[in-house]
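Q: coords below, sequence missing:
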């Protein structure tokens, strides 16, 4: 069946390093992708999104890359800070209008 | 403008009891979505409601679960005769009329523990 998944469940980085979180999707009909950040005890928070007619989109310290050929999505966080520690989810939408969430990657930033 | 408000934040129920989870959407938002999150899992869609209407309940279990979004008051997710497997975090999200679920804002969730 269709699925949205992440390659690594946990990513540990040092403060100041760049972080890259990856996501694979299999629904080729998806045309909209979103990254969410979920801090402990809180709900998901929208970070950045990208449509399938783009391959890169930048925000403040974050960049999302989309490779439709291999159905791969990544979130890059520049100069990672302790406050970036959270679980990051990718979600796909468009193919099904309700977003489908991946399992999540836990980002741990060491000071 | 307050965000999406969910209460209670934590709820403990014994097996067989009823759980009622409340969600007040952001001001001006008329669409509400409920999701369930099991430990170390992503969010799973349950139901999409507009005022007095259930738009999509394809993610709702067929038995014991129901949801409503009345004309006045919060949206309610009701779980009857809870079982241990219902223990999870339940999140509500809301969006305005001209925005879809991918642009919804999430509440902080209700963590249900069934003992």
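A: Yes, it's here. Note that this is a predicted model, so its numbers are computed, not measured. Numbers count the residues shown, from 1 in each chain, chains lettered A, B, ... in the order given.

Q: where do the strands sit along chain B?
A: With strands called from DSSP state E, chain B shows them at B:5-7, B:10-13, B:19-24, B:31-37, B:43-50, B:53-56, B:65-68, B:75-79, B:88-95, B:105-106, B:110-114.

Q: hang on, isn't residue B:87 packed against residue B:79?
A: No. Look at residue B:87 against residue B:79 with Cβ atoms under 8 Å: they stay out of range, at 10.6 Å. C-beta coordinates here come from the backbone N, C-alpha and C atoms, glycine included.

Q: Those two - which one has more neighbours?
A: Using other Cβ atoms under 10 Å in any protein chain shown as the criterion, residue B:87 and residue B:79 rank with residue B:79 on top: 22 against 16.

Q: Now the more buried one: closest residue in space, sequence neighbours ignored.
A: Spatial nearest neighbour of residue B:79, excluding adjacent residues (Cβ to Cβ, 6 or more residues apart in numbering or on different chains): residue B:19 at 4.4 Å.

Q: for residue A:90, same thing?
A: Closest residue to residue A:90 apart from its sequence neighbours, by Cβ to Cβ, 6+ apart: residue A:23 at 3.6 Å.

Q: before we move on, what SS does that neighbour have?
A: Each residue gets one of three states, and residue A:23 gets strand by DSSP: H, G, I helix; E, B strand; the rest coil.

Q: and it, how many neighbours?
A: Neighbours of residue A:23 (other Cβ under 10 Å): 26.

Q: quick one: residue B:70 and residue B:52 touch, right?
A: Yes. Using Cβ under 8 Å, residue B:70 makes contact with residue B:52 at a distance of 6.5 Å.

Q: Okay, now the unreliable bits of chain A?
A: Applying pLDDT under 70 to chain A flags the ranges A:1-8, A:94-96.

Q: which of the residues in stretch B:96-115 are buried?
A: Neighbour-count burial for stretch B:96-115, counted by 16 or more other Cβ atoms under 10 Å in any protein chain shown, picks out B:96, B:100-112, B:114.

Q: what about that stretch, start to end distance?
A: 37 Å (Cα to Cα, to the nearest Å).

Q: Now it: average pLDDT?
A: For stretch B:96-115, mean pLDDT is 90.

Q: Model confidence for the residue nearest the centre of chain B, exactly?
A: Nearest residue to the geometric centre of chain B (Cα atoms, centre = their mean): residue B:34, 3.6 Å. pLDDT for residue B:34: 97.

Q: And the residue lying closest to it once chain neighbours are set aside, what's its pLDDT?
A: Spatial nearest neighbour of residue B:34, excluding adjacent residues (Cβ to Cβ, 6+ apart): residue B:46 at 4.4 Å. We note a pLDDT of 97 for residue B:46 in this prediction.

Q: isn't residue B:46 right next to residue B:37, touching?
A: No. The criterion here is Cβ under 8 Å, and residue B:46 misses it with residue B:37 at 10.5 Å.
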